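J.: Would you be able to build a 3D model of this:
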Amino acid sequence: MDPAGGCPHADNARLLAEGAVASVLLPGGVEGMAVLGHEALREFLAHPDVAKDARHFAALQAGEIPDGWPLKTFATVQGMTTADDADHRRLRSLVGRAFTARRVEELRPRVEELAGRLLDGLDRAAADGDGTADLRRHFAMPLPMGVIGDLLGVDPEHHDRLHHLSDRIVSTDIAPADVLAANRELVALLGAVAQARTEAPGEDLTSALILAREEDGDRLGAHELIGTLLLIIAGHETTLNLITNAVRALCTHPDQLALVREGKADWADVVEETLRWDSPVSYFPFRYPVRDLPVGGTVIPRGTPVLAGYSAAGRDRSAHGPDADRFDVTRTTGTRHLSLGHGPHYCLGAPLARMEAVIALRALFTRFPDLGLAVPDAELPRHASFVGNSVRALPVRLRPST
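T.: Got it, this is the predicted structure:
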């Protein structure tokens, strides 16, 4: 795996041509595997003999993974996404209360208000410059971060720093000392958020998690609380990449944007096709077979760290047809993608991410119907990560040049 990331689709196609499962070399020479094929990944994600707890990570338990390894946080953080069985169900039930359909729908006015305000700021940023502005910085990032910050009770002054630190956490080309520093600062910042909500509880998820008790009277553990907050904060990156990738797709496929404007497709169709065609997450770490496990014609040895290859599965021709590489908002197989997961760890925030993306795209292209990329898509700087799949900046021109 290239720690510098880049566009994954050419490599994905090459690997898929060889099979649904591939052996990969992770940073630091750590051996792993990736599940790439749609059906193989669907089976793997829901398999009862696949675990998330790092006690099943053979190389880690053997002491072969050093501190500062860029992917270690994904394995060792304590929280909902690294728990199995009863622990996972306990944590998911606590967090899930904030993501019910009713709670998500109650957020709609807030998301719409925030989107409108951010578009005002995007317009000002373009007017203050040369008519272009970074849509990712001024709109696609602060929208999901603002919403998740409200949900968690995080003061707005922390939002930019939390985004910077979570971005460092998902980077795969980061130096060991920088990994450790980012982890320390992020844990300290989230600890301060938790302490503030402990002293002054509010109507937010952090306060609810702190106060939550199971039937036997146990509170959420301190490490579980910080780990859960960390992963929810990092989750804003998914929606950020989704919005960014959807705008790029529409700007480079004006015929598809025209279908939406003509009423032949809707913004929800755009979101689902973007999730399939250019998944916001490319390869997500980690899952571990608890026994030697046949998947897609290949045996994955027990204890192997496995990447979920969402971006590859989204363009698997065996699932999406011979034109799987084509962006098509009328595609009938588009809703079959796995980009938000499958099985017990299916993304709890999926309804919120979808709603935010639909609201963002509708508001953006209504306000700026002539919006276009200010730089050719192929020249946009990519994420320095094979986990996240997007670009680091999205300069756009809001109105035609005069």
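J.: CA only for contacts and neighbour counts going forward, please
T.: OK.
J.: Determine how far the helix or strand that residue 312 is a member of lies from the middle of the whole chain.
T.: Assigned by DSSP states H and E, residue 312 belongs to helix 310-313. Centroid separation between helix 310-313 and its chain, computed with C-alpha atoms, centre = their mean, to the nearest Å, is 13 Å.
J.: Show residues contacting it.
T.: 8-9, 12-13, 16, 36-38, 41, 276-284, 337-339 (C-alpha atoms under 8 Å, 6 or more residues apart in numbering).
J.: Could you list which of those belong to helices?
T.: Applying DSSP state H to the contacts of helix 310-313, the entries found in helices are 9, 12-13, 16, 38, 41, 276-277.
J.: mind putting these in a markdown table, distance to residue 117, neighbour count and pLDDT included?
T.: Below are those laid out as a markdown table (distance: C-alpha to C-alpha, whole Å; neighbours: other C-alpha atoms under 10 Å; pLDDT from 0 to 100):
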| residue | distance to residue 117 | neighbour count | pLDDT |
| --- | --- | --- | --- |
| 9 | 35 | 17 | 97 |
| 12 | 38 | 19 | 96 |
| 13 | 40 | 17 | 96 |
| 16 | 43 | 20 | 96 |
| 38 | 39 | 26 | 97 |
| 41 | 40 | 26 | 98 |
| 276 | 29 | 29 | 97 |
| 277 | 29 | 30 | 98 |
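J.: Now flag whichever of those residues is closest to residue 155.
T.: residue 276 (33.7 Å; C-alpha to C-alpha).
J.: My read is that the closest one contacts residue 319, right?
T.: No. Here residue 276 does not reach residue 319: they are 11.0 Å apart, not a contact under C-alpha atoms under 8 Å.
J.: what helix or strand is residue 271 on?
T.: helix 267-277.
J.: Next: residue 94.
T.: helix 85-96.
J.: If we go by neighbour counts, what in stretch 303-321 is buried?
T.: For stretch 303-321, a neighbour-count test (16 or more other C-alpha atoms under 10 Å) marks 303-317, 319-320 as buried.
J.: where does the residue nearest the centre of the chain land on pLDDT?
T.: Centroid-nearest residue in the chain, with C-alpha atoms, centre = their mean: residue 238, separated by 2.6 Å. What the model reports for residue 238 is a pLDDT of 93.
J.: tell me what the strand or helix carrying it is packed against?
T.: Element membership for residue 238, per DSSP H and E: helix 236-252. Secondary-structure packing of helix 236-252 (3 or more C-alpha pairs under 8 Å, 6 or more residues apart in numbering; DSSP states H and E): helix 142-152, helix 254-261, helix 267-277, helix 350-367, strand 372-373.
J.: pull the CA atoms of the first one into CSV?
T.: What follows is helix 142-152, C-alpha atoms only, in CSV (Å, rounded to 0.1, in the frame of the first residue of the first chain):
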residue,chain,number,x,y,z
PRO,A,142,-17.3,22.9,8.5
LEU,A,143,-20.8,21.5,7.7
PRO,A,144,-20.3,18.0,9.1
MET,A,145,-17.9,19.2,11.7
GLY,A,146,-20.4,21.8,12.9
VAL,A,147,-23.2,19.2,13.0
ILE,A,148,-21.1,16.6,14.9
GLY,A,149,-19.8,19.3,17.2
ASP,A,150,-23.3,20.2,18.1
LEU,A,151,-24.2,16.5,18.6
LEU,A,152,-21.2,16.0,20.9
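J.: continuing past that helix, what's the next helix or strand?
T.: helix 159-169.
J.: tell me the angle of that following helix relative to helix 236-252?
T.: Counting by axes from the mean of the first three to the mean of the last three C-alpha atoms, to 10 degrees, helix 159-169 lies at 90 degrees to helix 236-252.
J.: the inter-axis angle of whichever helix or strand comes after helix 159-169 versus helix 142-152?
T.: Proceeding N to C from helix 159-169, the next assigned helix or strand is helix 176-199, under DSSP H and E. With the same axes, to 10 degrees defining the directions, helix 176-199 sits at 50 degrees from helix 142-152.
J.: packing partners for helix 176-199?
T.: Short answer (3+ C-alpha pairs under 8 Å, 6+ apart): helix 176-199 packs on helix 159-169, helix 205-211, helix 222-234.
J.: how far does that helix sit from the chain's center?
T.: 20 Å.
J.: and that helix with helix 222-234, angle?
T.: Using the same axes, to 10 degrees: helix 176-199 against helix 222-234 is 110 degrees.
J.: wait, isn't residue 50 in contact with residue 288?
T.: Yes. The criterion here is C-alpha under 8 Å, and residue 50 meets it with residue 288 at 5.5 Å.
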